[in-house]
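Turn this into a structure:
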Amino acid sequence: MTGFAAEDAALMRDARTVRIETSEGAGKPVHRAIIWIVVDESGRAYIRSWLGQRGRWYRELVANPAGAVHVGGRRVPVRAVEADEAGIEACSRLLSVKHRASRGSLASMLRDEILDTTLELEPR
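All right, here's what the predicted structure looks like:
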């Protein structure tokens, strides 16, 4: 998997929150939700649903992996793929660093029961 271009990666890395744009599929309504995103040093981006599999944006990205991240006044088209074990660990590590001051919210993002909702975003 390839990482994002440096400019897009930096925007996502530096943003406290972003909006994810999802839809169940062609011709279906588009939804946006505020989420946390983390990006590693090689430009690989990860997201996780704090609601687990109940989260609408998560369900929609699983059904239709094409979406977009809205950050810094830009719309960045993405494709979501299930994160592998290394991606899940990277997401947890990066969340722990980026959101360390948000202890309660951070703890909810590190619960074992939601780790499998970690997605890697690829540029499209």
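
Read off the pLDDT value for residue 1.
Looking at residue 1, its pLDDT is 57.

Run a quick neighbour tally on the residue nearest to residue 18 when sequence neighbours are not counted.
Once flanking residues are discounted, residue 18 sits nearest to residue 71: 4.5 Å by CB to CB, 6 or more residues apart in numbering. Every C-beta, even on glycine, is put in place using the N, C-alpha and C of the backbone. By other CB atoms under 10 Å, the residues close to residue 71 number 20.

Distance of residue 71 relative to residue 81?
19 Å (CB to CB, to the nearest Å).

pLDDT on stretch 60-71, on average?
Rounded mean pLDDT across stretch 60-71 is 98.

cool, and stretch 74-88?
Stretch 74-88 comes out at a mean pLDDT of 98.

can you give me the end-to-end distance of it?
26 Å (CA to CA, to the nearest Å).

residues in contact with it?
Residues outside stretch 74-88 that contact it (CB atoms under 8 Å, 6 or more residues apart in numbering): 1, 4, 8, 11-12, 21, 44-47, 61-62, 65-70, 91, 115-116, 118-124.
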